[in-house]
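Colleague: When you get a sec, could you give me coordinates for this:
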Amino acid sequence: MSIQQLFYTLQLADNALINGHRLSEWCGHGPVLEQDIALSNISLDHLGQARSLYQYAAAQMNALPMDAKLNLFASVALNDKISKGETIEEDDLAFLRDSWDFKNLLLVEQPNEDWAYTIVRSFLFDVFNLYLFNSLKNSKEEQIAAIAEKSLKEVTYHIRWSSEWMIRLGDGTEESHRRLQQAFNDRWMFSGEMFEASNADKEMLQEGIGVDLTLIKNQWQQHISKVVEEATIMLPTNNWMQTGGKQGKHTEQLGYLLTELQFMQRAYPNMEW
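Modeller: Predicted coordinates:
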């Protein structure tokens, strides 16, 4: 079990957790009850994926020698638990790491803003997940393959939901079209990071555990272009992309998000339901 394999698992887990939390912020605030419930259910799907991946990551981490574990993260709380010889659990990885320890994409931590921004973020990430998990179901790592295959059933619904809303807003009123185009323009610069290979991506590809992001990028671009055309909006011409999330370099938005997400565990350590 290598450190890069652990980091790869955490990339997947952190994406699911942070995206799920962002979507959960719509609970009770959706434009109509049906969509409020839909987003809450999608959020739960992502949190379920995150839990499976964090359980796997915790097992990977516990298998590492003490000196290796102590050098993995900057979190004082997590390192204190490791130094005491305590077993790391899924909740520790979600609630005790600091923002610079997270490896999620910058895209998923961006705020909801309004309905159009939420739809665009979901759409860009859903299409990526579709082709990512479709490839990961063939991973040599059985647990990753199993999680990917299960997640595909959920992602198929996610992408249908976000694609329909893209078309509905883009090909709707003049106002909905304008706001969707603005949201798409603003969030486009976070899409390129999905296909930027980290050291973990590169090593896992060589070992047959990960996927070839260049192949996924081509599939993603074709899918995105088709829906964007149907939504009657334009693909942005700006090719400059924000990066850094996989290396722990995040926007200030993640710090605000973690303040809410981790509050209970930080305020009341070791609390259990």
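Colleague: Relative to residue 12, how far out is residue 26?
Modeller: Relative to residue 12, residue 26 is positioned 23 Å away (Cβ to Cβ, to the nearest Å). All C-beta spots, glycine's among them, are computed from the backbone N, C-alpha and C.
Colleague: the more surrounded of these two?
Modeller: Shown here are residue 26 and residue 12; by other Cβ atoms under 10 Å, residue 12 has more neighbours (27 against 19).
Colleague: And the helix or strand where that one lies, what does it pack against?
Modeller: In the assignment (DSSP states H and E), residue 12 maps to helix 3-24. Judged by 3 or more Cβ pairs under 8 Å, 6 or more residues apart in numbering; DSSP states H and E, helix 3-24 is in contact with helix 33-62, helix 90-95, helix 106-109, helix 115-136, helix 199-206, helix 252-261.
Colleague: For that helix, list the C-alpha coordinates in PDB.
Modeller: Output of helix 3-24 as PDB, limited to C-alpha atoms (Å, rounded to 0.1, in the frame of the first residue of the first chain):
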ATOM      1  CA  ILE A   3       1.200   6.800   0.000                       C
ATOM      2  CA  GLN A   4       0.200   7.900  -3.500                       C
ATOM      3  CA  GLN A   5      -2.500   5.300  -3.500                       C
ATOM      4  CA  LEU A   6      -3.900   6.800  -0.300                       C
ATOM      5  CA  PHE A   7      -3.700  10.300  -1.800                       C
ATOM      6  CA  TYR A   8      -5.500   9.000  -4.900                       C
ATOM      7  CA  THR A   9      -8.300   7.700  -2.800                       C
ATOM      8  CA  LEU A  10      -8.500  11.000  -0.900                       C
ATOM      9  CA  GLN A  11      -8.800  12.900  -4.100                       C
ATOM     10  CA  LEU A  12     -11.900  11.000  -4.900                       C
ATOM     11  CA  ALA A  13     -13.300  11.100  -1.400                       C
ATOM     12  CA  ASP A  14     -12.700  14.800  -0.900                       C
ATOM     13  CA  ASN A  15     -14.400  15.700  -4.200                       C
ATOM     14  CA  ALA A  16     -17.400  13.700  -3.100                       C
ATOM     15  CA  LEU A  17     -17.600  15.200   0.400                       C
ATOM     16  CA  ILE A  18     -17.100  18.800  -0.600                       C
ATOM     17  CA  ASN A  19     -19.500  18.600  -3.600                       C
ATOM     18  CA  GLY A  20     -22.100  16.900  -1.500                       C
ATOM     19  CA  HIS A  21     -21.800  19.500   1.300                       C
ATOM     20  CA  ARG A  22     -22.200  22.300  -1.200                       C
ATOM     21  CA  LEU A  23     -25.300  20.800  -2.700                       C
ATOM     22  CA  SER A  24     -26.700  20.100   0.900                       C
END
